[in-house]
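Quick one: sequence and predicted model below, then my questions.
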Amino acid sequence: TVTINPIPNAGSNGSITLCETSASVDLFTLLGNSPETGGSWSPPLASGTGVFDPSQDAAGTYTYTITGTPPCADSTASVTVTVDLTPNAGNFTANQTICNTIIDFDLFTLLDGTQQSGGTWTNNLGDVISNLVNVSTLSLGLNTFTYNVNNNCGTDSEQVQLTIIASPTIAIEDIIVSTPICEGSGVTVTLFNLTDGSYSINYNLSGSNTVANQNVTFNSVDGEATFEIDSTLLVNTGTTIVTFNSILNTVTTCQSNLSGIEVQLEVLPIPTLQTVNIQIQNVCFGNNVSVQIINAINLPNGQYQFTYSIPGANPVNNTIGNVTIQDGNGQFEIPSSIFTTAGLYNFTLNAINNSDLACSNSTVNVTVPFEILAQPIISEAQVSIVSTCVNTDAIVTITNASQLQDGNYQLTYLLSNANIFSETITVNFTGGSAQFTIPSSAITNAGSNTLTINQILSSIGNICGNSGNTFEVIQFIISSVQTPELIEGGNIFCEDENPTVLNLTNGIIDNQEVIWYDAPINGTIYSDSALLQNGTTYYAVVRNENGCESETRLAVTVELKDCTEIIIPDGFSPNNDGINDSFVIKNLRELYPNFTLEIFNRYGNILYKGNAASSDWDGTSDKGIQIGGNKLPVGVYFFIINFNDGNRKPLQGRVYLSR
């Protein structure tokens with residue numbers, strides 16, 4: 001017996017997508033390929049049948065099974081059910097207020113968390129944006145955004161709001177610092193253009209005073225706020241830099257980090273002086289007393305009032321001296337009228353006040369002694385000085401000061417006119433007479449000079465010198481001698497003539513005494529009879545009637561030549577002194593007895609024509625420009641020598657005529 005059982009048919013797989021709100025559906029209807037009825041579904045559905053209810057059953061894969069009769073296996077098919085949620089954009093919780101210094105803000109923080117993911121954000125212009133927005137790109141005030149969720153089951157959107165407020169900030173031009181300040185004082189900082197409210201600022205100090213992360217709270221009213229940097233933070237004098245790091249609005253909690261906002265303040269020392277900072281020179285009775293302030297490092301530049309007392313003066317107390325201090329130095333005058341007699345006095349500085357900064361010190365108490373010196377009697381004193389040379393010491397003689405006690409005196413003299421010089425020196429008077437020297441370094445210019453002498457103070461007893469016209473004002477002359485000049489060719493001589501220093505002198509264009517040295521400075525004087533040496537340099541000066549020599553020596557290097565050939569001088573000086581009075585061409589007559597010589601001026605006019613039988617040209621002519629008689633003026637003239645020997649060509653040249 002053969003039994004053939006039918007193969008079960010559960011159909012083919014199917015699928016469906018439903019919404020949460022969709023109607024129930026019989027999964028059997030979703031199977032393909034004509035499935036057999038009577039099968040079972042797993043997992044079981046809420047209906048107990050093959051009906052899927054989206055409100056009751058979960059999305060997933062459901063399997064339909066037809067049980068087969070052995071040996072035939074079961075047949076299965078499945079239906080995949082997808083259930084889409086109803087779109088949910090969530091719920092707006094509340095408007096948030098944030099600072100514009102926040103970099104990124106997540107818009108999802110404005111929803112309650114029930115929203116579905118995968119939606120899109122749009123701004124109030126409808127532009128799609130990211131949920132992370134750059135706050136710096138948003139407008140201050142209220143900003144509106146919308147979250148949109150779309151799927152097969154519909155659309156849902158939720159509008160949210162975000163308020164942007166400005167974080168506080170300050171600019172360097174909105175800061176004023178009360179500087180400079182006195183040591184021990186605090187600094188007031190004033191801020192402008194700051195919205196009214198409560199703030200906290202963080203700053204650092206660097207430079208003379210150093211401290212970090214200081215916070216101070218203050219209020220701004222009508223756009224202006226002030227706060228103090230406490231004096232305990234400014235214990236050192238000098239320049240301190242205040243660097244502002246950040247500013248916080250304590251109400252909105254908005255904060256801005258600051259960059260490059262720095263100001264400088266100066267802490268000045270309390271003005272004070274020590275004894276070494278005050279110098280008072282003894283003065284003659286009737287003169288103001290000068291109080292010198294030196295190296296006062298605790299006195300910044302500015303104007304000061306010194307309150308002082310001087311016992312024995314009139315008045316004694318509460319006298320004020322005004323002084324300008326510059327780089328630690330200054331001075332003021334105590335009027336001579338408060339001293340009724342000469343004698344010893346004590347200057348006591350009681351208080352210092354800085355009128356520019358209101359820095360003061362009422363407990364100085366520094367005392368410096370000084371003396372008012374009695375005036376000596378000086379009358380009929382006479383001053384004389386011998387005229388001297390440039391760069392030479394001048395000796396000044398004072399006589400007939402018979403009422404001066406013998407001893408050392410300090411004199412101040414002034415040289416004016418041609419030379420400007422002043423010096424205070426110590427001079428010894430004996431029997432009413434004294435001498436002192438004006439150094440050569442002060443006598444550098446020739447001309448008329450005025451010497452004015454003021455006798456200041458003696459170093460013995462308490463004798464004081466009168467100022468002004470105590471001594472007569474005298475005039476004297478400083479002489480200067482020019483460097484001598486040598487005629488052209490004046491250094492060239494015939495070797496066989498054994499020339500001497502005197503021959504060298506004959507070439508100097510000057511009628512004063514000429515002296516020759518062997519060195520440009522100092523050195524030994526040559527005698528006139530000393531023979532000249534070829535290639536040796538001789539140094540000439542001119543000495544005038546006062547014994548003054550030329551400041552600069554003329555250097556002349558001697559050249560001795562073999563005179564077997566004619567020698568033509570570069571110049572001559574027809575001044576009837578017996579030296580080079582004619583234009584003499586050596587050896588010309590001997591070597592070329594048939595020569596002719598012609599002299600021309602610069603215009604080509606012939607002035608002289610001669611030969612071996614003629615006299616040498618003496619600088620005269622009856623032609624051309626003349627200076628008296630037939631004398632020709634100083635200048636350059638031109639010559640032509642015709643040798644007339646049948647061999648040598650004519651020779652042209654020039655000669656300088658000097659008188």
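Here it is on my side, so go on.

Can you report how many residues lie near T557?
10 (other CB atoms under 10 Å). Where C-beta positions appear, they are placed from N, C-alpha and C, glycine not excepted.

pLDDT at C464, what is it?
For C464, the model assigns a pLDDT of 60.

Below-threshold pLDDT in this protein: ranges please.
By pLDDT under 70, the weakly predicted segments of the chain are 357-358, 374-379, 403-405, 454-470, 563-564, 624-628.

how about a cut-off of 50?
459-462, 467-469 (pLDDT under 50).

where along it do the helices fall?
501-505, 588-591 (DSSP state H).

which one of the ones you listed lies closest to G629?
Across the helices of the chain, G629 has its closest neighbour in helix 588-591 (27.1 Å, CB to CB).

List of residues touching the closest one?
Applying CB atoms under 8 Å, 6 or more residues apart in numbering, the contact partners of helix 588-591 are 565-566, 595, 597, 612, 641.

follow-up on the earlier one: any chance of the helices of the chain in CSV with distance to I201 and mean neighbour count as columns?
Below are the helices of the chain laid out as CSV (distance: least, CB to CB, whole Å; neighbours: other CB atoms under 10 Å):
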stretch, distance to I201, mean neighbour count
helix 501-505, 92, 20
helix 588-591, 107, 14
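
okay, those helices in TSV with distance to Y539 next?
Below are the helices of the chain laid out as TSV (distance: least, CB to CB, whole Å):
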stretch	distance to Y539
helix 501-505	11
helix 588-591	33
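
Let me know the distance separating N611 from Y592.
Here N611 is placed at a distance of 10 Å from Y592 (CB to CB, to the nearest Å).

Ok, N346 next?
With CB to CB as the criterion, N346 and Y592 are 101 Å apart.

So which of the contacts of helix 588-591 belong to strands?
Among the contacts of helix 588-591, DSSP state E puts 597, 641 in strands.

filter the contacts of helix 588-591 to the buried ones?
566, 595, 597, 641 (16 or more other CB atoms under 10 Å).

what are the ranges of the strands in the stretch 301-450 of the chain?
In the stretch 301-450 of the chain, the strands defined using DSSP state E, counting those that start in this stretch lie at 302-309, 319-325, 330-334, 343-354, 360-361, 366-373, 382-385, 388-389, 394-399, 407-417, 421-429, 434-438, 447-458.

Could you identify which of these is most buried?
Looking across those with neighbours counted as mean count of other CB atoms under 10 Å, the highest average goes to strand 388-389: a mean of 22.

Give me the residues contacting it.
Residues contacting strand 388-389 (CB under 8 Å, 6+ apart): 394, 443, 476, 478-481, 546-549.

Check stretch 323-336 too.
Residues contacting stretch 323-336 (CB under 8 Å, 6+ apart): 285-297, 299-306, 310, 319, 321-322, 347.

let's go with 7 Å and repeat that
Contacting residues not belonging to stretch 323-336 are listed as 286-297, 299, 301-304, 306, 321-322 [CB atoms under 7 Å, 6 or more residues apart in numbering].

So the protein: which segments form each domain?
14-84, 96-165, 172-268, 275-373, 382-479, 481-563, 564-659 (automatic domain parsing).

Thank you kindly, that will do.
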